[in-house]
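Asker: what's the 3D shape of this:
(chains A and B)
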Number of protein chains: 2
Amino acid sequence: MSPLYCALVHHPVRDRDGHPVTTAVTNLDVHDIARSARTYGLRGYFVVTPIEAQRALVERILEHWRTGAGARRVPERTVALSLVRIVESVEEARAEVARREGRAPRVVATAAREAPGVEVRSFADEAARLRSGDEPTLLLFGTGHGLVDDTLRSAHALLEPIRAGADYNHLSVRAAVAICLDRLIGERE
Amino acid sequence: MSPLYCALVHHPVRDRDGHPVTTAVTNLDVHDIARSARTYGLRGYFVVTPIEAQRALVERILEHWRTGAGARRVPERTVALSLVRIVESVEEARAEVARREGRAPRVVATAAREAPGVEVRSFADEAARLRSGDEPTLLLFGTGHGLVDDTLRSAHALLEPIRAGADYNHLSVRAAVAICLDRLIGERE
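Answerer: Residues are numbered from 1 along each chain as shown, chains lettered A, B, ... in the order given. Modelled structure (predicted):
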């Protein structure tokens, strides 16, 4: 099994009109995605924001749960949040995975849309590659209205959008991460 | 395809020690699960709480997004939240599905654990039944530490726990709903 990491990107991401913006980190994204990452056996979860005050905020949240009152009250939360690292950029997340794993990760982007000039890979293909390989892999998820085209193009692969049979696709990023992890590495008969 | 509904139960559910409690409704559970329910084509999403003040709170949230400022700013959220109904009990949710569909629903409970004396059905079996059938079906999800045994026993079926290959299973209910809906009715090759 390939060592797997994920990153939640707050910059650069698209706003409603497709323009690049920086979104705010939310406490719940830190918790929910850490719990999903831990449940699916990921080696790390990067919260990506260039805003120093937000990084400090996340550090304070983590401190509460890692060693503060939260750790005593809900110990299993401590386990999940121990996966979280706060970084300035996707580049820093890539470098951190490379440092830990001894080789640069394959970067797999996700989007709820197709993107011009970027090859899309199916969940089944990507799942097979993760299962049979040993290459460190970093999954990128965008907040706001998703990752910008430059980020999609600079990745090694783009996962197909989650299709659900309806004409509506506005999943929360928390739900999208959970579904992607389950499709890629969940146990099935 | 069977008409599908889901319910998020705030009472009775288990606390950390397995005792029955009532949990608080959170704004985010209303939004996230409505978005997942709409994406997967569900016909309705019931928020179940016996506490009148909480039902009034959810009505106020819904009002904001259905016809207030939220509806103008994020119209796709209005579409998702139009699925939400607030009810006092699981029994009321069952009755409401029966009223709409003209027959009582099959009730399928979910849990992160096995329960004594309750037969567990696999995601694959349940997915096949939903695909090929026309029976209205109501999926129950518990907040807190999950649905109580009485609720599991009174359901027609209990879905197997989500297995993810790791020794940890503390998914948020938002993530668990997303994964269950995807396993039951998501599109796959």
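Asker: From now on I want contacts and neighbour counts done on CA atoms only, so please keep to that.
Answerer: Noted.
Asker: Output the set of residues of chain A in proximity to chain B.
Answerer: A:32, A:35-36, A:38-41, A:76, A:124, A:163-172, A:174-176, A:178-179, A:182, A:185-189 (C-alpha under 8 Å from any C-alpha of the partner chain).
Asker: 7 Å instead?
Answerer: A:32, A:35-36, A:38-41, A:163-166, A:168-172, A:174-175, A:178-179, A:182, A:185-187 (C-alpha under 7 Å from any C-alpha of the partner chain).
Asker: Make a PyMOL selection of whichever of these turn out to be buried.
Answerer: The PyMOL selection below is limited to those of these classed as buried (16 or more other C-alpha atoms under 10 Å in any protein chain shown):
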select buried, chain A and resi 32+35+36+38+39+40+41+163+164+168+169+170+171+172+174+175+178+179+182+185+186
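Asker: Now, the residues of chain A next to chain B that are in helices?
Answerer: If you go by DSSP state H, the residues of chain A next to chain B have A:32, A:35, A:36, A:38, A:39, A:174, A:175, A:178, A:179, A:182, A:185 in helices.
Asker: what's the closest non-adjacent residue to the fourth one?
Answerer: Distance criterion C-alpha to C-alpha, 6 or more residues apart in numbering or on different chains; nearest residue to residue A:38, sequence neighbours excluded, is residue A:80 at 5.3 Å.
Asker: Just list what the one helix or strand the one you found maps to packs against, helices and strands only.
Answerer: Element membership for residue A:80 (DSSP states H and E) is helix A:75-81. With contacts defined as 3 or more C-alpha pairs under 7 Å, 6 or more residues apart in numbering or on different chains; DSSP states H and E, helix A:75-81 has these neighbours: helix A:27-39, helix A:52-66.
Asker: what's the most buried one of those helices?
Answerer: With neighbours taken as mean count of other C-alpha atoms under 10 Å in any protein chain shown, those reach their highest mean count in helix A:27-39, at a mean of 22.
Asker: Show the subsequent helix or strand relative to it.
Answerer: Per DSSP H and E, the helix or strand that comes after helix A:27-39 is strand A:44-48.
Asker: starting at the chain centroid, how far to that following strand?
Answerer: 7 Å (C-alpha atoms, centre = their mean, to the nearest Å).
Asker: Equivalent analysis for stretch A:137-157, please.
Answerer: 9 Å.
Asker: Can you check the distance spanned by that stretch, start to finish?
Answerer: 11 Å (C-alpha to C-alpha, to the nearest Å).
Asker: got the contact list for that stretch?
Answerer: Identification of contacts with stretch A:137-157 by C-alpha atoms under 7 Å, 6 or more residues apart in numbering or on different chains yields A:2-10, A:12-16, A:20, A:23, A:105-111, A:115, A:118-121, A:158, A:173.
Asker: do stretch A:18-33 as well
Answerer: A:10-15, A:54, A:81, A:143-144, A:148, A:174, B:172.
Asker: for chain A, what are the low-confidence residue spans?
Answerer: A:188-189 (pLDDT under 70).
Asker: what about 80?
Answerer: A:165-166, A:187-189 (pLDDT under 80).
Asker: ok so, going back, can you tell me which of the ones in helices among the residues of chain A next to chain B lies nearest to residue A:66?
Answerer: Nearest to residue A:66 among these, counting by C-alpha to C-alpha, is residue A:35 at 13.8 Å.
Asker: List the contacts of that closest one.
Answerer: By C-alpha under 7 Å, 6+ apart, the neighbours of residue A:35 are A:80, B:170, B:171, B:172.
Asker: Check these and tell me the two furthest apart.
Answerer: Maximum distance among these (C-alpha to C-alpha): 11.5 Å, for A:80 and B:172.
Asker: thought the residue nearest to residue A:38 was touching residue A:34?
Answerer: Yes. When contacts are counted by C-alpha atoms under 7 Å, residue A:80 is listed as touching residue A:34 (5.3 Å).
Asker: wait, doesn't residue A:160 sit right on residue A:122?
Answerer: Yes. Using C-alpha under 7 Å, residue A:160 is in contact with residue A:122, at 5.4 Å.
Asker: re earlier: let's have the contacts of residue A:35 in TSV, adding distance to residue A:67.
Answerer: Below are the contacts of residue A:35 laid out as TSV (distance: C-alpha to C-alpha, whole Å):
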residue	distance to residue A:67
A:80	13
B:170	19
B:171	21
B:172	21
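Asker: wait, which of those is closest to residue B:64?
Answerer: residue B:172 (25.5 Å).
Asker: can you pull the contacts of the closest one?
Answerer: Going by C-alpha under 7 Å, 6+ apart, residue B:172 touches A:32, A:35.
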